[in-house]
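Trainee: generate coordinates for the sequence data below:
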Amino acid sequence: MATYLTTHFKDKDAVKALGARWDGEQKQWYVPKGRDLAPFAAWLPTGTDLPQASSPTSTQLAVSQTGGREVVAAAAKGISLSTLLAGISQAVAKAYSSGVWTLVEVVELRATGGHVYLGVSERDTSGAVLAKTSAVIWQNTANRILPVFQQATGVELATGIKLLVRARPVFKPAHGFSLEIDAIDSDYTLGDLEARKREIRERLQAQGVFGANRQLPAPWDYNEVLVVAPQGAAGLGDFQTDANRLQAGGICRFTYVYSRFQGEGAAKEISNALQTALTDWPDLHADPPDAIVIIRGGGAVNDLAWLNDYDLARLICDSPIPVLTGIGHERDNTVLDEVAHTRFDTPSKVIAAIQSVIVARARAAREHFQDVVHRGQAATQTVQSRAAKLETDVRSQAREHLAKGRQHASDAIRDIRDGAWKRVHRADKSSTEAMQSVKNGVTDTLAQAKIAVPKHWDKIMAVGREATRSRKLAAEKSLDSVKDHAKRIMREGALRSEGLMREITGQGPDKTLRRGFAMVRSASGATISGITQTHVGLPLEIQFHDGKVSAVTTK
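Mentor: As a prediction, the model looks like this:
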């Protein structure tokens, strides 16, 4: 005859492992006829008597408690493994009828058929494993507690996360020991994540580098940008929508390096990718990057928690280049956001900020250009005004100088004319006087000769008519001498007269004109010798040595 058990839903796996069967019509677990009831003692109906051992092959379980743990003892002849493990299962179930709040770290995770199977452990500060076991969250429980946990923390269950769970130890003969989890403390998980960030933050602050990158001057403009992101991520695609347009226009060039952003070793991989890119940069680019951009799309808090790494944060703190972050969503925050020069909520907002700076610089450049144009136009107008004034002044001064020049020319012409006539008059008078002097000299000489010759002749005749021939010859010679003297005087007078005539002739108008003077005549040809002979608008003709010019008096 079968023995029906009193069980709850949570006991089904335990009794099934011990050999119980399910009665679908009665909706109850039972122990088949002939099977030992001892392993099912915890679920037997009240008043059911267990059979007593009557031979060495009978099984009798004696349960005693030693040091707080259940110990199962078997009869001297031995028991089956299932019986032993069933006893252990019963002892564990009796010792832990309800769950115990336990600290665990998830090291393995898989979901099957709605159930969540975990590998959990405890490690010391050096990372050595102190304890390790498996755990399970049954489907009904998972559907109830996981959404609440994720909504409260933003964290999805994943390896590497630390949890405070309420777990009931369960031992099943067919599957061994495990923990059945029925609750998770959200506050602890949030506290653990924040504690990790706080530890990194305090360490960087103690080293005096926490705000080093934020103190760098913001990029004045963007020409070269180094971008670190997970390859193919949606956030990277959002960023590149605008970045590609800027690069295609030759406005800003973006250089991309890729790395994992979650999982064990992700932070180290990001650091290596960034350092390699900066080392190779001088060989590929003429100018250093204006900024380093670290971006990834949104995700669970525990996915972003991989970025809370001291070495990666220190690398950003020590960077001489401003670092811009766009990690996750607005609610997300990592240590990288705290130490970066500027934090943005999303990758799209990072590129929007870069684009806004570029647009602002372009507008400023256009405004400066327009200001230069306006200043140039104003300067041109000023120069034109000054040039017009100078032209007016030059014209006025030129007219004044021209009038003065005309006056000076008129005065000079008058002086030349007057000087020329005076010289001509003086030369004419001098030549007349010289001619008269010559004539007078010649007359006097002839008169004297006429007087002297007869005297000499009378003297000769007086001396005696009987003078020798030589005397006569001497007289004749003396007469010849007188004649020669008279001729010489006449010749000298003629030469002198000719010289005077030449001098007079040389003082004529042509020679005077060649010496730089000019003659002024009226339109009728009358000589103008003084300003009193002129009036305003009188046509004049000015005679130079090589031609004539017409003029009109202005004063």
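Trainee: hey, let's count contacts and neighbours off CA atoms from now on
Mentor: Fine.
Trainee: the stretch 201-350 of the chain: helices as residue ranges?
Mentor: Secondary structure of the stretch 201-350 of the chain (DSSP state H, counting those that start in this stretch): helices located at 234-248, 266-284, 301-304, 310-318, 335-339, 347-463.
Trainee: just how off-centre is the longest one within its chain?
Mentor: Translated: helix 347-463. Relative to the centre of its chain, helix 347-463 is centred 62 Å away, using Cα atoms, centre = their mean, to the nearest Å.
Trainee: can you start the count at 152 instead of 1 from here on
Mentor: Shifting the count to begin at 152 puts that one at helix 498-614.
Trainee: mind giving me the packing neighbours of that helix?
Mentor: Packing contacts for helix 498-614, counted by 3 or more Cα pairs under 8 Å, 6 or more residues apart in numbering; DSSP states H and E, involve helix 385-399, strand 442-447, strand 474-478, helix 620-657, strand 670-673.
Trainee: what about the closest residue to Q398 other than its chain neighbours, distance to D431?
Mentor: Using Cα to Cα, 6 or more residues apart in numbering and skipping the chain neighbours, the partner closest in space to Q398 is R404 (5.1 Å). Remark: distance between R404 and D431 (Cα to Cα, to the nearest Å) = 16 Å.
Trainee: which one's more surrounded, the two?
Mentor: R404 (18 against 10; other Cα atoms under 10 Å).
Trainee: identify the residues contacting that one.
Mentor: Contacts here follow Cα atoms under 8 Å, 6 or more residues apart in numbering; on that basis R404 touches N374, E375, V376, L397, Q398.
Trainee: ok so, going back, which one of the helices and strands packed on helix 498-614 is the most hemmed in?
Mentor: Most buried of these, by mean neighbour count (mean count of other Cα atoms under 10 Å): strand 474-478, with a mean of 28.
Trainee: rounded mean pLDDT for it, please.
Mentor: Averaging pLDDT along strand 474-478 yields 92.
Trainee: ok, residues contacting it?
Mentor: Contacts to strand 474-478, defined as Cα under 8 Å, 6+ apart, come from residues 364, 442-449, 467, 484, 487-488, 491-501.
Trainee: filter those to the buried ones?
Mentor: Applying 16 or more other Cα atoms under 10 Å to these, the neighbour count classes 364, 442-449, 467, 484, 487-488, 491-501 as buried.
Trainee: the longest strand in the chain is where?
Mentor: If you go by DSSP state E, the chain has its longest strand at strand 251-263.
Trainee: quick one: end-to-end distance for stretch 672-682.
Mentor: For stretch 672-682, the first-to-last residue distance is 12 Å (Cα to Cα).
Trainee: from the chain's centroid, how far away is it?
Mentor: Centroid separation for stretch 672-682 versus its chain: 82 Å, with Cα atoms, centre = their mean.
Trainee: how about stretch 332-340?
Mentor: Once both centres are worked out by Cα atoms, centre = their mean, stretch 332-340 turns out to sit 51 Å from its chain's centre.
Trainee: I figured P439 hits N374, correct?
Mentor: No - at 9.5 Å, P439 does not count as touching N374 under the criterion of Cα atoms under 8 Å.
Trainee: the more surrounded of those two?
Mentor: With neighbours defined as other Cα under 10 Å, P439 and N374 compare such that N374 has more, 19 against 15.
Trainee: burial count for the residue found closest to the more buried one once you drop the neighbours it is linked to in the chain?
Mentor: In this structure, N374 finds its nearest non-sequential neighbour in C403, 4.3 Å apart by Cα to Cα, 6+ apart. By the criterion of other Cα under 10 Å, C403 has 19 neighbours.
Trainee: before we move on, what about the one 4 residues further on?
Mentor: Here the neighbour count serves as a burial measure; for Y407 (other Cα under 10 Å) it reads 16.
Trainee: can you tell me how far Q558 sits from T705?
Mentor: Counting by Cα to Cα, the separation of Q558 from T705 is 9 Å.
Trainee: these two: which has the busier surroundings?
Mentor: Remark: of Q558 and T705, Q558 carries more neighbours, 15 against 12, as counted by other Cα under 10 Å.
Trainee: check what pLDDT that one gets.
Mentor: On pLDDT, Q558 comes in at 83.
Trainee: do T292 as well
Mentor: T292 carries a pLDDT value of 92.
Trainee: likewise for P207?
Mentor: Looking at P207, its pLDDT reads 37.
Trainee: again, but for V687
Mentor: At V687, the predicted lDDT confidence score is 82.
Trainee: does it really touch A702, like I thought?
Mentor: No - in this structure V687 lies outside contact range of A702 using Cα under 8 Å: 11.3 Å.
Trainee: between the two, who's got more neighbours?
Mentor: Neighbours were counted for V687 and for A702 using other Cα under 10 Å; A702 has more, 15 against 9.
Trainee: now the residue nearest to the more buried one when sequence neighbours are not counted: which helix or strand?
Mentor: Leaving aside its chain neighbours, A702 sits nearest to L691 (5.0 Å; criterion: Cα to Cα, 6+ apart). Using DSSP states H and E, L691 sits within strand 690-695.
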